[in-house]
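>>> sharing a model prediction with you, sequence too.
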Amino acid sequence: MKILSVNVGLPREVIWKGKPVITSIFKVPVDGRVSLRSLNLDGDRQSDLTVHGGVDKAVYAYPSEHYDYWRRELPGVQLPRGMFGENLTVEGLFEDEVNIGDRFRIGSAELTVTQPRLPCYKLAIKFGRDEIIKRFLDSGRTGFYFAVSKEGQVGAGDSIETISRDENRLTVTEVTRLYRRDKDDVEGLKRTLSASSLPDGWKEHFKRQLAKLLSTQL
């Protein structure tokens, strides 16, 4: 497991459907060591802090292996590293194997997996097509966010070392499944509430869904 690319970007204004929009989804790879802090990487900044950023979304990682899938799905579209807005293009880490709460060491930093990525309309801006949002979610190739447990420096080529696996074994894929499709999975929903690293917003959503299901069973 390793980092293939570290990608950063600052807010910029673009025109989308005739209106100006501020976005930071345009990330580009950088050379050398980059300081990874509690809220982002040096040279990177989120635009809309109401839905992006914060300690639970400090760093976004995307598996490099998914790029082959998207090249087949989107022939003719250029897909450089960082195309999905990820900060870290990773190799060997997958949504169906990584648990919420798993901890990793990358370079001198330590990170904890917190949640899958749910794309907003800015992914459509990046690709210039609205349908990419649904296709992205339906594919299950969402990538995932890290919280920074220990600040440090990272760079392309750094190995990814597992520090610990969360005992709840709730994978990123399972969280997306419960959110998108299997909304009546009572046992699955209960498991989300035991995942200590899953952010409160996700837990509140699943708690409401669980209460709704249980009320219909009375």
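On my side now, so go ahead. Numbers count the residues shown, from 1 in each chain.

>>> all contacts plus neighbour counts: C-alpha atoms, from now on.
OK.

>>> output the contacting helices and strands for the biggest helix by length in the chain.
In the chain, taking DSSP state H as the definition, the longest helix is helix 200-216. Secondary-structure packing of helix 200-216 (3 or more CA pairs under 8 Å, 6 or more residues apart in numbering; DSSP states H and E): helix 186-192.

>>> and the helix it packs on, what does it pack against?
Against helix 186-192 (3+ CA pairs under 8 Å, 6+ apart) you get helix 172-180, helix 200-216.

>>> save these as CSV, and put in mean pLDDT and mean neighbour count too.
Below are these laid out as CSV (pLDDT from 0 to 100; neighbours: other CA atoms under 10 Å):
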stretch, mean pLDDT, mean neighbour count
helix 172-180, 95, 20
helix 200-216, 90, 14
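
>>> is it possible to get TSV of those helices that adds distance to residue 20?
Formatted as TSV, these follow (distance: least, CA to CA, whole Å):
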stretch	distance to residue 20
helix 172-180	30
helix 200-216	29
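
>>> can you pull out the helices in the protein?
Per DSSP H, the chain carries helices over the ranges 66-73, 121-127, 132-139, 172-180, 186-192, 200-216.

>>> low-confidence bits of this protein, can you list those?
For the chain, residues meeting the criterion pLDDT under 70 lie at 49-51, 217-218.

>>> and the gap between the spatially most central residue of it and residue 32?
Residue closest to the average C-alpha location in the chain (CA atoms, centre = their mean): residue 144, at 2.7 Å. Residue 144 sits 23 Å away from residue 32, going by CA to CA, to the nearest Å.
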